[in-house]
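[1] Got a predicted model here, sequence first, then my questions.
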Amino acid sequence: MGRAKNFGVLKKGSIGMLRFIAGKLQLSLSKKIREGHFVVIATEGQEPKRYVIKLDYLNNPEFLKLLKQSEEEFGFSQEGAIELPCGPDELQRILSI
């Protein structure tokens, strides 16, 4: 599978975000991440922490807010895991909702 590339300017609620996630999934699958999952990194705090997230969380409004913040802060041209502008504790709280 090919590597994810910059998908250009993404609009809120556009298919662009889905393409971006699909590209990240392709990268994740090529690195032996289970099907139906993708990788994120909580970047704030003393040490960034990596998480393997189920696609189901794309329906979680709080998680979607983090993705939007990530788009605004880091853009969607990054390769590899999606960097989220939150600490591990905040991400764990959101994932437990």
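    Alright, I've got the coordinates.

[2] use CA for all of it now, contacts and neighbours both
    OK.

[3] Which SSE is immediately downstream of the helix-or-strand element of the chain with minimal mean pLDDT?
    When each helix and strand of the chain is scored by mean pLDDT, DSSP states H and E, helix 15-30 comes last, with a mean of 62. Using DSSP states H and E, the helix or strand that follows helix 15-30 in sequence is strand 37-42.

[4] Work out the sheet partners of that next one and label each with its direction, please.
    The pairing partners recorded for strand 37-42 under DSSP bridges are strand 49-54 (antiparallel), strand 82-84 (parallel).

[5] mind listing what's buried in the longest one?
    If you call a residue buried by 16 or more other C-alpha atoms under 10 Å, then strand 49-54 has these buried ones: Lys49, Tyr51, Ile53.

[6] looking at the strands paired with strand 37-42, which is closest to Leu64?
    Closest to Leu64 of the strands paired with strand 37-42 is strand 82-84 (C-alpha to C-alpha; 10.6 Å).

[7] next structured bit after that closest one?
    Scanning forward in sequence from strand 82-84 by DSSP H and E, the next helix or strand is helix 88-95.

[8] shaky segments in this structure?
    1-19, 22-31, 78, 97 (pLDDT under 70).

[9] Kindly recompute the last result at 50.
    Within the chain, the set of residues satisfying pLDDT under 50 comprises 1-11, 28-29.

[10] Dump the strands paired with strand 37-42 to JSON lines, plus distance to Glu35.
    Output for the strands paired with strand 37-42, formatted as JSON lines (distance: least, C-alpha to C-alpha, whole Å):
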{"stretch": "strand 49-54", "distance to Glu35": "9"}
{"stretch": "strand 82-84", "distance to Glu35": "16"}
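
[11] Nothing else from me, thank you.
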